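Student: Output the structure for:
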Amino acid sequence: MISANKSKLFDLIYSLYNHDLVKRRFEGIYVCGLESLLSQVGAPFLVYANHSSWWDGLIAYEISRLTSLDWYVMMEEKQLKKYFFFRWLGAFSIVRNDPKHSIESINYAATLLNSKNDVALLIFPQGKIEPNDLRPIKFESGIARIVLKLKKVALVPMACRYEFLGAFKPEIFVKLGSVKVVDGQSEKRPQLLKQMQHDLTTILDELKSDICHSRVDSYRKIL
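Tutor: Next up, the predicted model:
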């Protein structure tokens, strides 16, 4: 397993690069529900998002910088080896098809989340890039295994869509669901996984409906 090796200096330098890169490629990022990540819940955050584009992690990075949380992200090992510098931003690896290495990554994630309350872990539990409207949404089991190791954790679903609307460049819309604080050690894995899949599906459907019906006044432009 490749562990995270965060660097505040690199984070500062990379933030300038990422901001410029996203701004050049997209018309803007619009976010609804950011208050979910700003609330004081006395528990670490586990943010789980749909994965429809290569850009997802970079967009999540922009959102993370609007919070005071210490962020980490679980990343496929072959991708982290290719983009090794993401370690310095809090990325650590998982090998999905290797049970031994997966357990190591799950334990590492649980240790991070158990270390303090002002920490957040971002996971793309589908495990691969999938179309936004593919149903049913299916998660790998790792996210539930992490939750089961935690006494208390704040679960937040995050939906993202890329849309060509009235501008030359595409616009990005992100919607965060409400915080759900759970005692992971009292949960059952099948039911937990099913509920989390349902919650992300719901927020994705709400996001699509908001865009289709132009209900975007509550979306704040962050870039």
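
Student: who does the helix or strand where residue 47 lies pair up with?
Tutor: Element membership for residue 47, per DSSP states H and E: strand 45-49. Strand partners for strand 45-49, identified by DSSP bridges, are recorded as strand 119-123 (parallel), strand 153-163 (parallel).

Student: possible to save those strands as a markdown table with mean pLDDT?
Tutor: Listed next are the strands paired with strand 45-49 as a markdown table, based on pLDDT from 0 to 100:
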| stretch | mean pLDDT |
| --- | --- |
| strand 119-123 | 98 |
| strand 153-163 | 98 |
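
Student: CA atoms of the strand holding residue 47 as CSV?
Tutor: Backbone C-alpha positions of strand 45-49 (Å, rounded to 0.1, in the frame of the first residue of the first chain) are rendered in CSV as follows:
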residue,chain,number,x,y,z
PHE,A,45,-16.3,13.0,7.7
LEU,A,46,-16.5,10.3,5.1
VAL,A,47,-17.6,11.8,1.8
TYR,A,48,-18.6,9.4,-0.9
ALA,A,49,-19.1,10.5,-4.5
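
Student: contacting residues around the very next helix or strand once past that strand?
Tutor: Using DSSP H and E, the helix or strand that follows strand 45-49 in sequence is helix 56-64. Contact partners of helix 56-64, identified using CB atoms under 8 Å, 6 or more residues apart in numbering, comprise 15, 18-19, 21-22, 29, 31, 34, 37, 47, 49-50, 71, 73, 75, 86, 89, 120, 122, 124, 158, 160, 172, 174, 222-223. C-beta here means a position set from N, CA and C on the backbone, and glycine is covered the same way.

Student: From these, keep the buried residues only.
Tutor: Of all the contacts of helix 56-64 considered here, the ones buried according to neighbour count by 16 or more other CB atoms under 10 Å are 18, 22, 29, 31, 34, 37, 47, 49-50, 71, 73, 75, 86, 89, 120, 122, 124, 158, 160, 172, 174, 222-223.

Student: residues of stretch 196-208 that come out buried?
Tutor: Buried residues in stretch 196-208, counting neighbours by 16+ other CB under 10 Å, are found at 196-197, 199-201, 203-204, 206-208.
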